[in-house]
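Participant: show me the folded form of this:
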Amino acid sequence: MKRFTEQSLFTFSLVVGIYLITPYKLLAQSKNIIHGDQQWFQYYNTLILNPKWDVSTDGGMRYRDGLSTKSQFIVRSQVGYNASESLHLAAGMGYLGYYLGGKQDIQEFRPHQAITMSSHAGKVKLANRLRIEEQFFSSLGRTNLDYDRFNFRFRYRLMLTLPLISFSQKESQRKLSLNLGDELFLKAGKEVTGDLFDQNRFLVGPTYQLNESLGFTLLYQHQYSSSSEESTFIQRDIFWLGINHAISLK
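Facilitator: Model (predicted):
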């Protein structure tokens, strides 16, 4: 029965993921597209307090135009609770800064709530995550533009992880795996006008797990984003380097 349930969830998630990705790629192809590139560097720390509770913190810098220009920074933390072996609940807060002309001109406070459901189909791990964010933007007053606004954002991410190579029989955690996923973003709120679509991210890339505490992930992200102009989308090619660090106190 457990096997049947996991396979059913696996199949359902794949169908939902394909359904979510396709419409917005087709939509973007029929519109004006602005192309760009970004490079993201991020450190993720998970402090495991006990089998039920954990505290996660991450921080990173994002650049564009081949590392020549700062785009934004992010600092975020959350408290997580394992409701079961497959269900994880979390809530936290993020602070982001956006750069214009080389200086931070916009800040964002971002509370969030998330639920993640994980399962396995053979050796493949599947994770479904739904995250709700409350985005509070404000201008720092260095330009005449007014960025003060608030909106909700709903994020659904489907991620598959497939183990590729195990480097040591004695150290089973030392391995290489492949990540493949997609995340859809929708926005809502009184100040949101036009299309509710915010962005879509297609993700692919390897993770090298050095040991049970430390891993490195390099992802290629193909991102479609809406813009302030209704008929214009932004397409970015993003390379994302993440350092994953877990500390267990249990």
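Participant: confidence score at the residue of the chain positioned farthest from its centre?
Facilitator: Computed with C-alpha atoms, centre = their mean, the residue of the chain farthest from its C-alpha average is Lys170, at 32.6 Å. Note on Lys170: pLDDT of 76.
Participant: same check on Tyr147?
Facilitator: 76.
Participant: could you double-check that it lies in contact with Gln135?
Facilitator: No: using C-beta atoms under 8 Å, Tyr147 is not in contact with Gln135; the gap is 11.2 Å. In short, each C-beta sits where N, CA and C put it, glycine included.
Participant: those two: which is more packed in?
Facilitator: Gln135 (19 against 15; other C-beta atoms under 10 Å).
Participant: relative to the helix or strand harbouring Asp58, what are the paired strands and their orientations?
Facilitator: Using DSSP states H and E, Asp58 falls within strand 53-64. Sheet pairing of strand 53-64 (DSSP bridges) gives strand 32-48 (antiparallel), strand 69-82 (antiparallel).
Participant: strands of the chain, start to end?
Facilitator: 32-48, 53-64, 69-82, 87-100, 103-121, 124-139, 149-166, 175-188, 197-209, 214-226, 232-248 (DSSP state E).
Participant: beta partners of the closest residue to Leu162 other than its chain neighbours?
Facilitator: Closest residue in space to Leu162, ignoring its immediate chain neighbours: Leu178 at 4.8 Å, by C-beta to C-beta, 6 or more residues apart in numbering. Leu178 forms beta bridges with Leu162, Pro206, as assigned by DSSP bridges.
Participant: give the burial count for the residue nearest to Gln104 when sequence neighbours are not counted, as a bare number.
Facilitator: Distance criterion C-beta to C-beta, 6+ apart; nearest residue to Gln104, sequence neighbours excluded, is Gly97 at 4.4 Å. By other C-beta under 10 Å, 18 other residues sit near Gly97.
Participant: quick one: Gly97 and Arg110 touch, right?
Facilitator: No: when contacts are counted by C-beta under 8 Å, Gly97 is not listed as touching Arg110 (11.6 Å).
Participant: neighbours of the closest residue to Trp40 other than its chain neighbours, just the number please.
Facilitator: Using C-beta to C-beta, 6+ apart and skipping residues adjacent in sequence, the residue nearest Trp40 is Trp240, 4.3 Å away. Residues contacting Trp240 under the criterion other C-beta under 10 Å number 19.
Participant: now do the contacts for Trp240.
Facilitator: Gln39, Trp40, Gln42, Gly205, Thr217, Leu218, Leu219, Tyr220, Gln221 (C-beta atoms under 8 Å, 6 or more residues apart in numbering).
Participant: any chance of a PyMOL selection covering the buried ones in those?
Facilitator: Buried members of the contacts of Trp240 can be picked out in PyMOL with the line below, counting by 16 or more other C-beta atoms under 10 Å:
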select buried, resi 39+40+42+205+217+219+221
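Participant: and which of the contacts of Trp240 is nearest to Asp198?
Facilitator: Gln221 (14.8 Å; C-beta to C-beta).
Participant: what sits against the spatially closest residue to that closest one that is not a sequence neighbour?
Facilitator: Distances taken as C-beta to C-beta, 6+ apart place Ile238 nearest to Gln221, at 3.9 Å, with adjacent residues excluded. Ile238 is in contact with Asp37, Gln38, Gln39, Trp40, Tyr220, Gln221, His222, Gln223, counting by C-beta under 8 Å, 6+ apart.
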